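In: what would the 3D arrangement of this be:
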Amino acid sequence: MVGILPGTIMYCFIGASASSLEDTKSSGNEISNIISMVLGVVFAFCGIYAASYYSKIELDRILQEEEEENHDENPTIRLNDQAID
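Out: Numbers count the residues shown, from 1 in each chain. Prediction:
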């Protein structure tokens, strides 16, 4: 459940930005609002990418440790390229 939180926050931000972009058409400072919204979306994507990247690294490390533990508990003896448990 916690894993979907960054994406949910990003989509809420994008929706609010789109709504705000529609409102800025009537104001005189349109360019700076558009730039700040675009930068916000880019940073949101970068944050989600970084969280995914580091989560994958940690998950791979944990899976490697579990694989090593299971291999140590159940040693396999090889005799003429045939596994004997």
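
In: how about the helices in this protein?
Out: For the chain, applying DSSP state H gives helices covering 5-24, 30-73.

In: just give me the neighbour total for the residue nearest to Pro6 when sequence neighbours are not counted.
Out: By the measure of C-beta to C-beta, 6 or more residues apart in numbering, the closest residue to Pro6 outside its immediate chain neighbours is Ile48, 4.9 Å from it. C-betas here are computed from N, CA, C, even on glycine. Neighbour count of Ile48, defined by other C-beta atoms under 10 Å: 14.

In: verify the stated contact: Ile48 with Met10.
Out: Yes: between Ile48 and Met10 there is a contact at 6.1 Å, judged by C-beta atoms under 8 Å.

In: re the thing from before, can you add mean pLDDT and give the helices of the chain back as a markdown table?
Out: Putting the helices of the chain into a markdown table (pLDDT from 0 to 100) gives the following:
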| stretch | mean pLDDT |
| --- | --- |
| helix 5-24 | 75 |
| helix 30-73 | 84 |
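
In: Ser17 - how many residues pack around it?
Out: Neighbour count for Ser17, taken as other C-beta under 10 Å: 18.

In: tell me how far it lies from Ile9.
Out: To Ile9, Ser17 is 12 Å away according to C-beta to C-beta, to the nearest Å.

In: which ones are touching Gly7?
Out: Gly7 sits next to Ile48 when contact means C-beta atoms under 8 Å, 6 or more residues apart in numbering.
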